[in-house]
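Student: got a sequence here, can you model it:
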Amino acid sequence: MKSGIHPQYSYTTVKCISCSTEFTIGSIREIGSVEVCSKCHPFYTGKRTLVDTAGRVEKFRAKLEKKEQLSSK
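Tutor: Modelled structure (predicted):
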């Protein structure tokens with residue numbers, strides 16, 4: 001392997017915004033926080049909760065209502 005062309009690999013502490021869990025990962029970037037981790041993500045916990053980022057759920061429901069109104073006319 002050539003020397004001097006590979007990124008620096010280091011361990012970083014990351015904090016979950018949702019559940020405030022801190023864990024250490026190996027990465028080439030400085031990552032400070034994540035929105036959802038494996039301890040609070042609905043897929044891993046089995047809970048059916050909606051994780052709404054930037055109003056996507058409301059946007060989808062409004063689009064669905066508009067479609068239903070147009071189809072009923």
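Student: show the backbone phi and psi for S10.
Tutor: phi -140, psi 170 (degrees, to the nearest 10).
Student: ditto for T24
Tutor: phi -110, psi 130.
Student: so it sits against T12, correct?
Tutor: Yes. T24 lies in contact with T12 (CB atoms under 8 Å); the separation is 7.0 Å. Yep, even glycine has a C-beta here, placed from its N, CA and C like the rest.
Student: and the two? which has more neighbours close in?
Tutor: Between T24 and T12, T12 has the larger neighbour count (other CB atoms under 10 Å), namely 14 against 9.
Student: which strands or helices does the helix or strand hosting K15 pack on?
Tutor: K15 belongs to strand 10-16 when assigned by DSSP states H and E. Contacts defined by 3 or more CB pairs under 8 Å, 6 or more residues apart in numbering; DSSP states H and E place strand 10-16 against strand 22-27, strand 33-34.
Student: got CSV for these, with distance to Q69 too?
Tutor: Formatted as CSV, those follow (distance: least, CB to CB, whole Å):
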stretch, distance to Q69
strand 22-27, 46
strand 33-34, 38
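Student: using CSV, lay out the ones you listed together with distance to K59 and mean pLDDT.
Tutor: What follows is the helices and strands packed on strand 10-16, written out as CSV (distance: least, CB to CB, whole Å; pLDDT from 0 to 100):
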stretch, distance to K59, mean pLDDT
strand 22-27, 32, 90
strand 33-34, 23, 86
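Student: nice, that's everything, thank you.
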